[in-house]
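>>> Take this sequence and fold it.
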Amino acid sequence: MDLAFIPSPSVGVVHLGPIPLRGYAFCIIIGVFLGVWLGNKRWVQRGGRSGTVADIAVWAVPFGLVGGRLYHVITTYEPYFGKDGHPLDAFKVWEGGLGIWGAVALGAVGAWIGCRRRGIPLPAYCDALAPGLAIGQAVGRWGNWFNQELYGRPTDVPWALKISDDPAIGRIGGTYHPTFLYECLWCLGVAALVIWADKRFRLGHGRAFALYVAAYCAGRAWIEEMRVDEAHHILGLRLNVWTALIGLVLAVVYIIISARRVPGREEVVEPGAQETLAGGDADGEPEGAQASAAGSAEAEPEAEAEKDAESDTGGAKEKRADGETKTAGSGGKKT
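The predicted model follows:
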């Protein structure tokens, strides 16, 4: 008899009239919101404008969702294009199945488009967003809990996840390792690591984002090996393990090369941001500076006139009747 375990929700969707409210979708939405919120705070701290992260996310999020779904469908094609598969099921994102690898890759393309439109460097944007991505993933993993999917090997540890029977999809009830919880906690640790390292070493030029990729991949490799869901294997390892290892190596190589080529952190990341923060107008000049400049412009002609008058008085010479000259205010001394 199980003395302790993490229960799974009896249902993953609640209907509000004809509208289905799915736990999986809510977790994704909340994760995106938190990621954008934290990314915006970090972007402003780096000198950017508030709202820029959200504007670029309008491009990055849809691209990321499409990329995540494409990766899942391509690497797990049997339920959609295999024997007894249903191709239209590939569009049922709400039933689960988003590959983080595809989401980050194609999401970066969307972010690049958004950055190009705003005239800001993509690496700096990614650095600001990195810990927010990790937190978004941590929240999003709870969607797997609602769907009772992607759990690990059977176990009787006190924190085991209770899974219910579902013969329709071949799910066998029991207690399993809660890999969704392991990855959630790991992602929170990754976010904390990136924030600390960024403050400690002033990471720039994409290195904070690369650290996030390296740290996440390191954890995903061992968590992936615990899962018992169907997956393709290469040389005895699950496909996602290989993807994690490759991502880890590439991220570390990028950090090393980038630190040598462009050390330090870029200072200006968004044109016009400093003027906006200083309270400037459309011309990008702070209001105080404009008032000062206007006052100086008005006072300048008067100052020049006084200076000219003094020059004329001090330097004027008088012609005496005897032919001698003296300078006004010189005390009558001969020159």
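>>> what's near enough to touch the most centrally placed residue in the chain?
The residue lying closest to the centre of the chain (Cα atoms, centre = their mean) is residue 129, at 1.3 Å. By Cβ atoms under 8 Å, 6 or more residues apart in numbering, the contact list for residue 129 reads 35, 39, 42, 43, 53, 111, 209. C-beta: built from backbone N, CA, C; applies to glycine.
>>> how about the helices in the stretch 101-250 of the chain?
Taking DSSP state H, counting those that start in this stretch to define them, one finds helices in the stretch 101-250 of the chain at 122-140, 142-147, 179-201, 207-224, 239-261.
>>> Name the stretch among those helices that sits most buried.
Between these, helix 122-140 has the highest mean count of neighbours, a mean of 25, where neighbours are mean count of other Cβ atoms under 10 Å.
>>> got the angle between that helix and helix 179-201?
Angle, helix 122-140 to helix 179-201, by axes from the mean of the first three to the mean of the last three Cα atoms, to 10 degrees: 150 degrees.
>>> Restrict helix 122-140 to CA atoms and write it as PDB.
These are the backbone C-alpha positions of helix 122-140, laid out as PDB (Å, rounded to 0.1, in the frame of the first residue of the first chain):
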ATOM      1  CA  LEU A 122      19.500  39.400 -30.900                       C
ATOM      2  CA  PRO A 123      22.300  38.200 -28.400                       C
ATOM      3  CA  ALA A 124      21.500  40.900 -25.900                       C
ATOM      4  CA  TYR A 125      17.800  40.200 -26.100                       C
ATOM      5  CA  CYS A 126      18.400  36.500 -25.600                       C
ATOM      6  CA  ASP A 127      20.600  37.200 -22.600                       C
ATOM      7  CA  ALA A 128      17.800  39.300 -21.000                       C
ATOM      8  CA  LEU A 129      15.200  36.600 -21.700                       C
ATOM      9  CA  ALA A 130      17.300  33.500 -20.700                       C
ATOM     10  CA  PRO A 131      16.300  33.000 -17.000                       C
ATOM     11  CA  GLY A 132      12.700  33.800 -17.900                       C
ATOM     12  CA  LEU A 133      12.700  31.000 -20.400                       C
ATOM     13  CA  ALA A 134      13.800  28.600 -17.700                       C
ATOM     14  CA  ILE A 135      11.100  29.700 -15.400                       C
ATOM     15  CA  GLY A 136       8.500  29.500 -18.200                       C
ATOM     16  CA  GLN A 137       9.700  25.900 -18.800                       C
ATOM     17  CA  ALA A 138       9.400  25.100 -15.100                       C
ATOM     18  CA  VAL A 139       5.700  26.200 -15.100                       C
ATOM     19  CA  GLY A 140       5.000  24.700 -18.500                       C
END
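>>> tell me the mean pLDDT over it?
Computed over helix 122-140, the mean pLDDT rounds to 97.
>>> what is the orientation angle of that helix with helix 239-261?
150 degrees.
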